[in-house]
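**Q** Here's a sequence, model it:
(2 chains)
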Protein chains: 2
Amino acid sequence: MKKHISLFILSIIFMSANSNAQQALFSNQQITSPEIQQDNSVIFRMLAPNSNLVQITGDFLPTEKKQSPMGEIDMPGKVDLIKDNNGVWTYKTKELNPELYSYSFIVDGLTTKDPSNPFLVRDVASVTNIFIIGGGQADLYKVNKIPHGTIARRWYDAPELGMNRRLTVYTPPGYEKSNQKYPVLYLLHGAGGDEESWISLGRTAQIMDNLIAENKAEPMIVVMPNGNVSQDAAPGEGSDGFYKPQFMAPKTMNGSYEGSFLDIIKFIESNYKVKADKQHRAIAGLSMGGFHSMHISRYYPNYFDYIGLFSAAIMPREDATAKVYSNIDETLNTQMKNGYKLYWIAIGNADFLYKTNKEFREKLDKMGMKYTYVETEGGHIWKNWRTYLSEFAPKLFN
Amino acid sequence: MKKHISLFILSIIFMSANSNAQQALFSNQQITSPEIQQDNSVIFRMLAPNSNLVQITGDFLPTEKKQSPMGEIDMPGKVDLIKDNNGVWTYKTKELNPELYSYSFIVDGLTTKDPSNPFLVRDVASVTNIFIIGGGQADLYKVNKIPHGTIARRWYDAPELGMNRRLTVYTPPGYEKSNQKYPVLYLLHGAGGDEESWISLGRTAQIMDNLIAENKAEPMIVVMPNGNVSQDAAPGEGSDGFYKPQFMAPKTMNGSYEGSFLDIIKFIESNYKVKADKQHRAIAGLSMGGFHSMHISRYYPNYFDYIGLFSAAIMPREDATAKVYSNIDETLNTQMKNGYKLYWIAIGNADFLYKTNKEFREKLDKMGMKYTYVETEGGHIWKNWRTYLSEFAPKLFN
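**A** Numbers count the residues shown, from 1 in each chain, chains lettered A, B, ... in the order given. Model (predicted):
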């Protein structure tokens, strides 16, 4: 038997060497990075014998103050790795708190990925490595040995936009075999994001699986549409092919997404086993998705009993004359009179949108429109949005 | 209006600068790479003013002969980029044939991704950039403006393995609303692959969408399971968390996958609208998946009317005494007597498995077991497997 295995392994090496696609395997650095220690410190390593300086930047490092046109701002810091005699550069962090972290190496000034870590996420046009320090809140981001929901990428007809468009749907464990009907959370991404963002950066499937397994959230369908009406799908997944994603897609805040949102609701309610009423619809979004959630929920003022604004981009519209953006006070008033169960606003105290959110809350106060307000540490970052989803989802449909 | 937009953009820049996750956006190189020219030549660019040598390696470059323990082998070549006065390095290819290509930069000896191209695929532990030159066969790999199927990641119960496991299912356009029942292709990955491989590297969803839209293939369900019985899911997607993938997962060729394959069929046939009979089941796989397809189809000798062996790893088993691997000739004979519509064998003339495939065909000849044989150029590469799927799928269920 031993001989058989050795033969096979030899063949594999040969195969690999012979293959373009797979050749990188064995030229890959035989190095472990990141290596999470018992005490939750992390060792990063990179083999770069010919490089003069290897640094690391990541959201686990202290931030640095930088000058900007609007004053001092916080930027993620960077530190130097130390080179040993074998050309391996190393950096060990302090003990890290539970969290999903992202990082990049900087080799002689050039930002690059960790060649020993194949786990990457794309945020707009940037791709960074990720790792998870488990425990506490971060255990919600892990794939645990519990029942798992299904993630589907589907295309829906959007007649208002004259397109066939892609969206991501999470259905909870047991959905397919169940005779039940389910409530639906519409979960919207920010500027530069798309129907992949909440799944990849937001860890929505893991958060929902874990909350449902712990009986902390009702089993629900989570619909993650694409809020960039100029796209039919995420960059690389649609008919525009591969191109460098831009931060702001055209027409994202001109009212056409909000005005066409019923096409998404119609699709979901005619394709899934859902409770198709206001009591069983929630809408929430981060940044631009918070802007969209605010406008969609008041434009269709009797559709949603649960509204979540996560670091919402409460700010001027691209086209303030669009029908969707007219009569804002009037429709908010109607929404208030129609009633809802939860209007949930969350933002970090260092968020650049803090002030506009404060002004929006003051406006709601003046109108007598009730809301729940949660203020956290930190800025306009995914760490906060994962936390907000974990806090918001348990408040829905119960 | 102009003022509103500018304000917004300013805010965005500020937001971005303030955010860990999104800060990389504006530090990203304002450079286009790759840039596909009218004549299908491609320009690659990288801003690296402090680097001494920037090279590119990719499967569009001529291969180089390298020495190996088994003689001379072909390796993907590399070429130097040329630096201009702004520190931008450039390389322009010759006119390229239609294909999905992959590549990496090499900066002062260090393999790295193209910072201007966020489109990456993982092959085992290696991550490389990709781009598509359209036209001909490669148009099948594009997302065209045609109806699209759904891709679902689902978890199934695998009692034989004592696990809950993840698989990928492609359902054709219109499946959800249809009253029809569909045939099923089980499509298996190679060593080091998983339930993501055929979707990401194999472009299965695009190939099937395009073939179906062109009436070249029957609408069918394509099931892409995970053939590594030690995993519950692809690296990073299962309960093992993030870890560096290995080429060979333990127990991949010891018979337990083949022996437990009915759990997958049972799951699909009780969860999808399928024609649950031999005439409407196909099984195919690449490399180790070809090995699995050969063994599964003869071990369950009355289950599949269509069998596809793509560069199949016809080679010794890890555990030749396993029940699955006993009576090979006898079960092949039974399979032959039971009858099937297509036994399709394809391999490249430069594949390291060419010889063992030839011996296997000779064995089948001797037995009088009919098969269709397709020999292509090239080796053990995804380019071939995408082509084989595009040729095999139209032959099914008609």
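
**Q** Can you give the contact residues for stretch A:386-398?
**A** A:100, A:137, A:140-141, A:183, A:185, A:187, A:198, A:202-204, A:207-208, A:211, A:216-218, A:220, A:279-280, A:282, A:284, A:286, A:306, A:308, A:310-311, A:342, A:344, A:346, A:374, A:376 (Cβ atoms under 8 Å, 6 or more residues apart in numbering or on different chains). Using the backbone N, CA and C atoms, a C-beta is placed for each residue, glycine as well.

**Q** how about stretch A:195-202, does it reach chain B?
**A** Yes - Stretch A:195-202 lies within reach of chain B by Cβ under 8 Å from any Cβ of the partner chain, at residue A:201.

**Q** Distance from the chain centre to that stretch, please.
**A** Mean-position distance between stretch A:195-202 and its chain equals 4 Å (Cα atoms, centre = their mean, to the nearest Å).

**Q** From the rest of the structure, what touches that stretch?
**A** Against stretch A:195-202 from outside (Cβ under 8 Å, 6+ apart): A:121-123, A:151, A:153, A:166-168, A:170, A:187, A:189-190, A:193, A:204-205, A:222, A:224-226, A:233-234, A:237, A:382, A:385-386, A:389, B:21.

**Q** all helices for chain A, in order.
**A** A:2-18, A:24-27, A:197-200, A:204-213, A:256-259, A:261-271, A:288-299, A:328-338, A:354-367, A:382-392 (DSSP state H).

**Q** weakest of the ones you listed in terms of mean pLDDT?
**A** Of all those, the minimum mean pLDDT falls on helix A:24-27 (a mean of 38).

**Q** Buried deepest among the helices of chain A, which one?
**A** helix A:288-299 (a mean of 26; mean count of other Cβ atoms under 10 Å in any protein chain shown).

**Q** contacts for that helix?
**A** With Cβ under 8 Å, 6+ apart as the contact definition, helix A:288-299 has outside contacts at A:186-191, A:193, A:227, A:252-253, A:255, A:257-259, A:261, A:283-285, A:303-304, A:307-315, A:324-325, A:328, A:331-332, A:334-335, A:340.

**Q** Then stretch A:261-280?
**A** Outside stretch A:261-280, the residues touching it (Cβ under 8 Å, 6+ apart) are A:154, A:156-161, A:167, A:169, A:171, A:175, A:178, A:180-184, A:186, A:221, A:223, A:225, A:281, A:296, A:300, A:302-305, A:341, A:397, B:176-177.

**Q** same thing but 7 Å
**A** A:156-160, A:167, A:180-184, A:221, A:223, A:225, A:296, A:300, A:302-305, A:397, B:176 (Cβ atoms under 7 Å, 6 or more residues apart in numbering or on different chains).

**Q** before we move on, back to that, can you tell me which of the contacts of stretch A:195-202 end up in strands?
**A** A:121-123, A:151, A:153, A:166-168, A:170, A:187, A:222, A:224 (DSSP state E).

**Q** tell me the least confident of those residues?
**A** residue A:123 (89).

**Q** is that one in a bridge, and if so with what?
**A** residue A:126 (DSSP bridges).

**Q** For chain B, see how far away the nearest residue to residue A:216 once chain neighbours are set aside is.
**A** Distance criterion Cβ to Cβ, 6 or more residues apart in numbering or on different chains; nearest residue to residue A:216, sequence neighbours excluded, is residue A:394 at 4.8 Å. As judged by Cβ to the nearest Cβ, to the nearest Å, residue A:394 and chain B stand 23 Å apart.
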